[in-house]
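Asker: Provided below for reference: sequence and predicted model.
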Amino acid sequence: MSMRLSPLNKNTRATWEGYFADGWERNRGRQQTWLFARYFLDTVRLPESAQTLLDVGCAMGDALPAFRERYPQLQLHGCDVSAAAIDQARACYGGIATFHVWDFAQIRGDFDIIYCSNTLEHFENYLEIARGLLTHCKQLYILVPHLELGKDGKPLKPEAGQWHVATFDASSFDPLLREGRVRQIRHWIHPCPVAWGPLRPEVLVEGIYPHSSEIFYELAVETPDSVEAGNAAPALAGGPNLYAEAVAGGAPAGSGWDINEHSASLLHWLDALGRLEREVEAVVGARERFILVDDDELRSELRGALATGGRPIPFLERDGEYWGPPKDDATAVLELERLRATGAGFLVFAWPSFWWADYYDAFHTRVRSRFPCVHESDLAIVFDLRDGVRSPPPRSGDRRENPDETMDRE
């Protein structure tokens, strides 16, 4: 399995070593790793007979807790080319998984499952890499951006300064089927319209938004006993249901998302954004400054009164700009108190960041215990941070676990 790269391809070991040391966490790579694993596990059910799993390109290991939660019987392993990433993975998750500094050619051993998430789009020789991975497993699961195009609207290729160098569609791995290396290929397409950044009309390419969805492949060396994971479910973020039903790999040409379905997803997203604006303005009012936790997905899209006078404060924030996610619960608590001291009156969690309740559990628990939740829906959760404010009576339609509870400040 060769690691040859085009001279224009920046995805070298040295580049990734540097990025993991300075940039990966700041650009929310850890949260993205975890989120895509949850999308995958909500879409695909793994073979019941599987006992071992290797996460190839595991970064700092943040997908593996999701696998441990869903499939506790699995012996978990992770590998990455970056020693800095693996050091962090061992420090965080060494109790549940074994980690290795391996590139594709250095993988040793056999595994029931290899899971490779958002890695192969960095390599023009992805088919050669997949061939090598298949020699180490019974089922290979690959996650990559679906139909990602370049700025010129054409399929990706190695270009100076670009991270992604390959475009994937439903047929990208069919050569492996024709070669007899796999018995079956299936794929699922999962919309992630804001996972890679906010949608804007100026990036629309022939009706399709780059980075708007992921495609999950199952390449089976042996006939799999995996099945679709039940009925279609909303994405973990808990916002609008933008879930695409699983599409079998052998479906007729044209199955999966077409341009019209992309457009429908966009309209759904824009409708959700408009409803969120109305909900937040009704609670926060016309002048109060508020903290917006949205993974920097929605703030630039807000319109009207909510967007004026620096009212939405990003979280984390430095000099008025988004500064990335907090590295831990303690950082989130300190930042919240700092922004309260500067006059922030409300804390708004928008649907792209509903996953914070799980990932930053201690921070979420503290917010819930200290501040009254004045609004809760499938789009936004709002807490009143002002001194001396007590919980109001529950609003009709709010999804409060204890709607009659009044929370006092500490």
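Answerer: Arrived safely, thanks for sending.
Asker: Now do the same contact list for the residue nearest to Cys373 when sequence neighbours are not counted.
Answerer: With sequence-adjacent residues excluded and distances taken as C-beta to C-beta, 6 or more residues apart in numbering, Cys373 is closest to Phe383, at 5.6 Å. All C-beta atoms are positioned from the backbone trio N, CA, C, and that covers glycine. By C-beta atoms under 8 Å, 6 or more residues apart in numbering, the residues touching Phe383 are 346-348, 367, 371-374.
Asker: Bridge partners for Phe383, pull those for me.
Answerer: Under DSSP bridges, the beta-bridge partners of Phe383 are Leu347, Cys373.
Asker: and the gap between it and Arg181?
Answerer: 53 Å (C-beta to C-beta, to the nearest Å).
Asker: what does Gly78 give?
Answerer: Taking C-beta to C-beta, one finds Gly78 at 24 Å from Arg181.
Asker: Settle it for me: which of the two has more neighbours?
Answerer: Ranked by neighbour count (other C-beta atoms under 10 Å), Gly78 and Arg181 place Gly78 first, with 28 against 17.
Asker: In a strand, that one, correct?
Answerer: Yes: applying DSSP: H, G, I helix; E, B strand; the rest coil, one finds Gly78 inside a strand.
Asker: How about it: what's its closest non-neighbour residue?
Answerer: Using C-beta to C-beta, 6+ apart and skipping the chain neighbours, the partner closest in space to Gly78 is Cys58 (3.3 Å).
Asker: Touching, the one you found and Ala89? I think so.
Answerer: Yes: using C-beta atoms under 8 Å, Cys58 is in contact with Ala89, at 6.3 Å.
Asker: anything in contact with each of the two?
Answerer: Counting by C-beta under 8 Å, 6+ apart, the residues touching both Cys58 and Ala89 are 78, 80, 99.
Asker: Could you tell me which residues make contact with Cys116?
Answerer: Counted by C-beta under 8 Å, 6+ apart, Cys116 has contacts 55-57, 133, 140-143.
Asker: State the distance from it to Leu127.
Answerer: 13 Å.
Asker: For whichever helix or strand Glu214 is part of, enumerate the helices and strands it packs against.
Answerer: Take DSSP states H and E as the rule and Glu214 turns out to sit in strand 213-220. Applying 3 or more C-beta pairs under 8 Å, 6 or more residues apart in numbering; DSSP states H and E, one finds that strand 213-220 contacts helix 29-41, strand 137-145, strand 184-191.
Asker: repeat that for 10 Å
Answerer: helix 29-41, strand 111-117, helix 126-134, strand 137-145, helix 174-178, strand 184-191, helix 259-284 (3 or more C-beta pairs under 10 Å, 6 or more residues apart in numbering; DSSP states H and E).
Asker: pull the CA atoms of that strand into CSV?
Answerer: Only the C-alpha atoms of strand 213-220 are listed here, as CSV (Å, rounded to 0.1, in the frame of the first residue of the first chain):
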residue,chain,number,x,y,z
SER,A,213,-23.5,15.6,3.0
GLU,A,214,-21.4,12.6,3.8
ILE,A,215,-21.5,9.2,2.1
PHE,A,216,-20.9,6.1,4.2
TYR,A,217,-19.7,3.0,2.4
GLU,A,218,-19.7,-0.6,3.6
LEU,A,219,-17.2,-2.8,1.7
ALA,A,220,-17.8,-6.4,2.7
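Asker: okay, the angle between that strand and strand 137-145?
Answerer: 170 degrees (axes from the mean of the first three to the mean of the last three C-alpha atoms, to 10 degrees).
Asker: Tell me which strands strand 213-220 pairs with, and in which orientation.
Answerer: Using DSSP bridges, the strands paired with strand 213-220 are strand 137-145 (antiparallel), strand 184-191 (antiparallel).
Asker: want to try a markdown table for those strands, with mean neighbour count and mean pLDDT as columns?
Answerer: Formatted as a markdown table, the strands paired with strand 213-220 follow (neighbours: other C-beta atoms under 10 Å; pLDDT from 0 to 100):
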| stretch | mean neighbour count | mean pLDDT |
| --- | --- | --- |
| strand 137-145 | 24 | 95 |
| strand 184-191 | 22 | 85 |
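Asker: Now distance to Phe216 too, for these, in a markdown table please.
Answerer: As requested, these are exported to a markdown table (distance: least, C-beta to C-beta, whole Å):
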| stretch | distance to Phe216 |
| --- | --- |
| strand 137-145 | 5 |
| strand 184-191 | 5 |
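Asker: looking at these, which is closest to Asp329?
Answerer: Nearest to Asp329, of all those, is strand 137-145, at 27.8 Å by C-beta to C-beta.
Asker: what's the angle from that closest one to strand 111-117?
Answerer: Using the same axes, to 10 degrees, strand 137-145 lies at 10 degrees relative to strand 111-117.
Asker: From the chain's centroid, how far away is strand 137-145?
Answerer: Centre-to-centre, strand 137-145 and its host chain are 17 Å apart (C-alpha atoms, centre = their mean, to the nearest Å).
Asker: Output that strand as CSV, restricted to C-alpha atoms.
Answerer: Presented in CSV, the C-alpha positions along strand 137-145 are these (Å, rounded to 0.1, in the frame of the first residue of the first chain):
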residue,chain,number,x,y,z
CYS,A,137,-10.6,-6.8,7.8
LYS,A,138,-14.0,-8.4,7.0
GLN,A,139,-15.9,-5.2,6.7
LEU,A,140,-14.5,-1.8,5.8
TYR,A,141,-16.6,1.3,6.5
ILE,A,142,-15.5,4.5,4.8
LEU,A,143,-16.9,8.0,5.5
VAL,A,144,-16.1,10.9,3.1
PRO,A,145,-17.7,14.1,1.9
